[in-house]
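Trainee: Structure for the following, please:
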Amino acid sequence: MESKPFERLTRDAAPPSGPDESGETGPFLCGDIDIRIGRDGTWFYHGSPIGRKPLVKLFASVLRRDETGDYWLQTPVEKARIRVDDAPFVAVEMTVSGTGCAQNLCFRTNLDETVEAGPDHPLRFAFDAATGEPSPYVLIRPGLEALITRAVFYDLVDLAVEDDDTHMLGVWSGGTLFPLGPVEDET
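Mentor: Okay, here's the model as predicted:
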């Protein structure tokens, strides 16, 4: 009988002995399953949105990313690869405390996880080569980022300051200045 992903999830299930297809021991490799996380943070199963937020939060709690960039739902017993269109989370809200270099930015994701941007949760800004459009991210957990929504990004840009040494715009959080981009000449 063929094993279905996460069919064997029980508290007393023992991990399989011996290596899996990749030569590693540990969780039983189930292969790919038809779960996808859309760019807007919606989780899909067989093309249909998963509407139960507690179920999505449960899946998100076992989400991992490996060194090749693949995303996995991984328990101590089984793991299965899923698809992620951009980032697995979306930063939907930002709160600000303090000012200047003592400013702290706290982000809340679509799944109600919160992180304070800083050295352990850096901000990253990617730019589309063709359009120059920014895609801002904050690190939530190792290897797992949240795409910052456009509205939250505009709030972030409103907090930007110019760094006199580098002539870059940046935003402070957790004692770190995160560069947004070069200061545009107003000529």
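Trainee: Spatially central residue for the protein, please.
Mentor: Glu145 (2.1 Å; Cα atoms, centre = their mean).
Trainee: Wait, a strand at that residue?
Mentor: Yes. Checked against DSSP: H, G, I helix; E, B strand; the rest coil, Glu145 lies within a strand.
Trainee: tell me the contacts of it?
Mentor: By Cβ atoms under 8 Å, 6 or more residues apart in numbering, the residues touching Glu145 are Ala87, Pro88, Phe89, Arg124, Tyr137, Val138, Leu139. C-beta coordinates here come from the backbone N, C-alpha and C atoms, glycine included.
Trainee: For Arg150, state which of these is nearest.
Mentor: Checking the contacts of Glu145 against Arg150 with Cβ to Cβ, the nearest one is Tyr137 at 13.2 Å.
Trainee: Pull out the buried positions in the helix or strand containing that closest one.
Mentor: According to DSSP states H and E, Tyr137 maps onto strand 134-141. Using 16 or more other Cβ atoms under 10 Å as the test for burial, strand 134-141 gives Pro134, Pro136, Tyr137, Val138, Leu139, Ile140, Arg141.
Trainee: Tell me the one of the contacts of Glu145 nearest Pro179?
Mentor: Using Cβ to Cβ, Arg124 comes nearest to Pro179 of these, at 10.2 Å.
Trainee: just to revisit the earlier point, quick check: the farthest pair among the contacts of Glu145?
Mentor: Of all pairs in the contacts of Glu145, the most separated under Cβ to Cβ is Pro88 and Arg124 at 14.5 Å.
Trainee: Same drill for the two, tell me which one is more crowded.
Mentor: Set Pro88 next to Arg124 and count neighbours by other Cβ atoms under 10 Å: Pro88 wins out with 25 against 12.
Trainee: Please list all residues in contact with that one.
Mentor: Ile37, Gly41, Ala60, Leu63, Arg65, Tyr71, Leu144, Glu145, Ala146.
Trainee: hmm, which of those are the buried ones?
Mentor: Ile37, Gly41, Ala60, Leu63, Arg65, Tyr71, Leu144, Glu145, Ala146.
Trainee: if you skip the residues just before and after it, what's nearest to the third one?
Mentor: Translated: Ala60. Leu111 (5.3 Å; Cβ to Cβ, 6 or more residues apart in numbering).
Trainee: ok, now the fifth one?
Mentor: Nearest residue to Arg65, sequence neighbours excluded (Cβ to Cβ, 6+ apart): Gly143, at 3.5 Å.
Trainee: Against Ser173, how distant is the one you found?
Mentor: Going from Gly143 to Ser173 by Cβ to Cβ, to the nearest Å gives 20 Å.
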